[in-house]
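> Following is a predicted model, sequence given first.
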Amino acid sequence: MDVYKSLASYKKTNPSVITIGTFDGVHLGHKAILTQLVNAAKNDNLASILLTFFPHPRMVLQKKSSLRLINTIKERSEIIEQTGVSNLIIHPFTKEFSRLTALEFVRDILVNQLHIKKIIIGYDHQFGRNRTATIKDLIAFGKTYDFEVVEITAQQLQNVAISSTKIRKALEEGDVQTANQYLGHPFMLSGKIVKGRGIGKTLAFPTANLKIKEDYKLIPKNGVYLVTSIISEKNVFGLTNIGTNPTVGGIHKTIETYFLDYKNDLYDKDIQLNFIKNIREEKIFASKEALKIAIKEDEIFARNYLNVNE
């Protein structure tokens, strides 16, 4: 898959089929649309293009937006690549871009720059300055500029909307299993391992402290989770604690993972945590010894769960 950081960087001239959207999470509803895109490209001998935007339009147009995204842009790109899409354009969304008229967007970008012959889009899609143009306008443009408009059905769009809402709600409640069912893949957190306070070592459970640089990334509810990660080309399971570590006087939220069968130094390594299951909520224990006992119980539970579900 070829990835472009702006519309201007896309220089190909072959005819294309395109879909447009945020595709946050790239969940099962999104994947159905992308399968439709890829199949249309194969059937009509067209280049497949997914045009998406970053930052999310709501982050730009709504000053007080508290929106958190299921994926970082890097995670989103990696999942989209697995769907078979040939070209991903991640265009910077700005207020200036939002002021393009419908005609300018269709003529200058879709037709003259992306050379579309087909667009797959929702029946309720609105675009252009102040989002005043509708799919009826797009169909009319299609007749003028010789491209076909394929409507994504109301049912498909409803599935997309329901899935996105339920995924965010599930993660906010710590229910990663439900989120994973809608995603069709594990929810992930990606970042760099940095030095923490070293509390885990004093408890005989050394942890890797994950720092996520993207402040827009949705973090699940505080608690203890069973996760898996690829380290040195091996699948390693771990227990991830999201929270403030109140038993040992923590104040700031951290994401710390005790890997069950990996003891090597991970500092400065880029790690992706794939979430499997919520084990328990974060608790305040009476002592460090009580906390150690709880972590050991978490480990026993995790190992038993993995044995049963292998």
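Sure, I can see it. Computed from a prediction, not measured in an experiment: that's the story for all the values here. Numbers count the residues shown, from 1 in each chain.
> contacts and neighbour counts: CA atoms only from here.
OK.
> which intervals of the stretch 151-300 of the chain have sub-threshold pLDDT?
Within the stretch 151-300 of the chain, the segments meeting pLDDT under 70 span 197-204, 246-251, 286.
> And the strands in it?
Counting by DSSP state E, counting those that start in this stretch, the stretch 151-300 of the chain has these strands, from start to end: 188-194, 208-211, 223-231, 234-243, 254-259, 270-280.
> and the longest one, which strands flank it?
What it means is strand 270-280. strand 188-194 (antiparallel), strand 223-231 (antiparallel) (DSSP bridges).
> circling back to that earlier point, nearest to Lys292, of the strands of the stretch 151-300 of the chain?
strand 254-259 (12.3 Å; Cα to Cα).
> how about the strands in the stretch 1-150 of the chain?
Under DSSP E, counting those that start in this stretch, the stretch 1-150 of the chain gives strands at 2-4, 16-20, 47-54, 87-92, 116-122, 148-152.
> re the thing from before, looking at the strands of the stretch 151-300 of the chain, which is nearest to Thr144?
Of all those, it is strand 188-194 that lies closest to Thr144, at 43.9 Å by Cα to Cα.
> tell me the angle that closest one makes with strand 254-259.
90 degrees (axes from the mean of the first three to the mean of the last three Cα atoms, to 10 degrees).
> and strand 188-194, which residues are buried?
If you call a residue buried by 16 or more other Cα atoms under 10 Å, then strand 188-194 has these buried ones: 188-193.
> Just the closest of the residues you listed to Val85, please.
Closest approach to Val85 among the buried residues of strand 188-194 (Cα to Cα): Met188, at 21.2 Å.
> Name the nearest residue to Lys5, ignoring sequence neighbours.
Ile90 (5.0 Å; Cα to Cα, 6 or more residues apart in numbering).
> Beta-bridge partners for the one you found, please?
As for beta bridges, Ile90 partners with Thr52 under DSSP bridges.
> Who are the contact partners of it?
3-7, 51-54 (Cα atoms under 8 Å, 6 or more residues apart in numbering).
> For it, give its distance to Gln155.
Separation of Ile90 from Gln155 (Cα to Cα, to the nearest Å): 27 Å.
> Hmm, Lys221 is touching Glu173, no?
Yes - between Lys221 and Glu173 there is a contact at 5.6 Å, judged by Cα atoms under 8 Å.
> Between these two, which is the more surrounded one?
Comparing Lys221 with Glu173 by other Cα atoms under 10 Å, the one with more neighbours is Lys221, at 18 against 14.
> contacting residues for that one?
Residues near Lys221 by Cα under 8 Å, 6+ apart: 171-174, 242.
> Check Thr132 too.
Neighbours of Thr132 in contact, by Cα under 8 Å, 6+ apart: Gln126.
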